[in-house]
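>>> Build me a model from this:
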Amino acid sequence: MTQASSVRSESIHDVDPRDHVATALRDILAGERLELHGRSVVARADVPKGHKIAIGTAAIGDDVLKYGWPIGRATMDIAIGDHVHIHNVETKLSGVEGYAWQPSILAPIAAPADRTFMGYRRLTGRVGTRNEIWVLCTVGCVANTARRIAEKANVRFAGRTDGIFAFPHPFGCSQLGDDLSHTRKLIAALAAHPNAGGVLILGLGCENNQLKALLESAPDLDTARLRSFTTQTVDDELEDGLAAIEDLIAIAEKDMREPCAVSDLVVGLKCGGSDGFSGITANPLVGRIADKVSDAGGTPVLTEIPEIFGAEQMLLARATTQAVFDNAVQVIDDFKRYFIDNKQPIYENPSPGNIAGGITTLEEKSLGAVQKGGRSALVEVIRYGDRVAPHGLTLLEAPGNDAVSSTALTAAGATVILFTTGRGTPLGFPAPTLKIASNSGLAARKPGWIDFDAGVVLSGQSMDDAAEALMDLVIETASGKATKAELNGEREIAIWKSGVTL
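Have a look, this model is predicted:
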């Protein structure tokens, strides 16, 4: 492919000087002449907003570069001005690959700003951004019971904490092996979350996910803030549940916010409903926040392993040790084998919404997605249901599914989640979740969903200024400001179901 020069105009945007495609910032019509640094490019076809236009030529079989990396290979000859998408580019991904640790020279850690947020410091040493009562359940059979208890408790005990929330799920019965372990570990980790000033766990009594085993597996559990019972052994589960919550509220309502350092933050990094702008606005902007948190000694957490495929070398090169590198490779390869063992191609992504938004291949989606992790060193890799040790950028094993991965981020210890989106979604999760729009059109169209407009970086605001504004919002949210999802009552969990059901 012929090397193209860097492009900046009011109509298109490139990311790297090596790129051979640029992103349309508006709908471009066939025949339009675009001035690109002293030369003209004529659009040979209509190019929708968010899609790619060729600024270099490609012969069939050539790599097509975006972000300075291949996003796939050309399936036909591509001329300057062509619309570049699924009709003329395909993925290069096929299966498990070999990797060698070739650590890159990382930028020095910046001097962290002397900033604090008002959080809840727990007995375990972890810091919460909310002081809520959570009602969890071992099994789906009592999911509605948990919901009813929370609804009644919010009426009876209104205003005494930051709220009482049930997180029901359909699993816990008829599960075996690792599948059962996933459910148990996730619920146990949620029970120890610092945003919960008190936790009630309901069991049924006959389920595979036994309450006793779950409690024994819970890490760093403050037992003074825990109540639990099996509903088959009590006369009135609703009244017993309300009495347990009243006990927990009597403890939690004495908690007070106090100044806490950014090093106490655990920030989940997530994207969903991505579009062609996600990789040039919202994701790199969130990457700036990840770097700010990491530089300050805090913990940004990156996940969605299948959305790393095709961009893994960018992340693997930042591993601090051979052990971290090996653990990251193992998680990536395990996920690829998970697809292969289930007779599914590893590149069965992007989604229809992603494609409509301009994303062509999994490589393109991944190269945009990994930017949420910024440029900081990768210091730790953890498995699904495990919790972070606060000290830097962490890679978490979880699928790309929005609800499953965001729940896993919360269970890992995230006390704020930064969720970038180009298409929009109302979903919310146990940890306060900030929705960051990749384009200003979405932010204007869905003000009830979107907390921050990253599209401003395409209309004159610098990435640095936008990052400062977003960091201010993160601090405000960690200090108690409600997100749009919280205001809308959007709070869900989803558990990764990976095994057989009896």
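
>>> What are the boundaries of the helices in the stretch 401-502 of the chain?
Applying DSSP state H, counting those that start in this stretch to the stretch 401-502 of the chain gives helices spanning 402-412, 440-445, 463-478, 484-487.

>>> Most tightly packed of those?
helix 402-412 (a mean of 26; mean count of other Cβ atoms under 10 Å). Any C-beta I mention is one placed from the backbone N, CA and C, and that applies to glycine too.

>>> Summarise which helices and strands that helix is packed against.
In terms of contacts (3 or more Cβ pairs under 8 Å, 6 or more residues apart in numbering; DSSP states H and E), helix 402-412 is packed against helix 177-191, strand 266-271, strand 393-396, strand 416-421.

>>> The third one pairs with which strands?
Sheet neighbours of strand 393-396, with direction, are listed as strand 299-302 (parallel), strand 378-382 (parallel) (DSSP bridges).

>>> Could you save those strands as TSV and add columns showing mean pLDDT?
Shown next, in TSV, are these (pLDDT from 0 to 100):
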stretch	mean pLDDT
strand 299-302	97
strand 378-382	96
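
>>> can you list these in CSV and add mean neighbour count?
CSV is the format used below for those (neighbours: other Cβ atoms under 10 Å):
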stretch, mean neighbour count
strand 299-302, 26
strand 378-382, 21
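
>>> right, and these - which one's nearest residue 235?
The closest of the strands paired with strand 393-396 to residue 235 is strand 378-382. By Cβ to Cβ, the value is 41.6 Å.

>>> most centrally placed residue in this structure?
Taking Cα atoms, centre = their mean, the centroid of the chain lies closest to residue 270, which sits 1.7 Å from it.

>>> ok, back up a step: now mean pLDDT and distance to residue 208 too, for the helices and strands packed on helix 402-412, in JSON lines please.
As requested, the helices and strands packed on helix 402-412 are exported to JSON lines (pLDDT from 0 to 100; distance: least, Cβ to Cβ, whole Å):
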{"stretch": "helix 177-191", "mean pLDDT": "94", "distance to residue 208": "6"}
{"stretch": "strand 266-271", "mean pLDDT": "97", "distance to residue 208": "29"}
{"stretch": "strand 393-396", "mean pLDDT": "97", "distance to residue 208": "25"}
{"stretch": "strand 416-421", "mean pLDDT": "98", "distance to residue 208": "30"}
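
>>> Share the number of residues neighbouring residue 479, please.
15 (other Cβ atoms under 10 Å).

>>> what about it, distance to residue 265?
11 Å (Cβ to Cβ, to the nearest Å).

>>> what is in contact with the two at once?
By Cβ atoms under 8 Å, 6 or more residues apart in numbering, residue 479 and residue 265 have these common neighbours: residue 117.

>>> Got the domain ranges for this structure?
12-90, 132-254, 260-487 (automatic domain parsing).

>>> what separates the second one from the chain centre, distance-wise?
Put plainly, it is domain 132-254. Averaging C-alpha positions (Cα atoms, centre = their mean, to the nearest Å) puts domain 132-254 25 Å from its chain's average.

>>> try the last one
Shown here is domain 260-487, whose average C-alpha point lies 4 Å from the average C-alpha point of the whole chain (Cα atoms, centre = their mean).

>>> That domain: end-to-end distance?
25 Å (Cα to Cα, to the nearest Å).

>>> now swap in stretch 397-416 and tell me
18 Å.

>>> ok, and the closest non-adjacent residue to residue 51?
residue 358 (4.0 Å; Cβ to Cβ, 6 or more residues apart in numbering).
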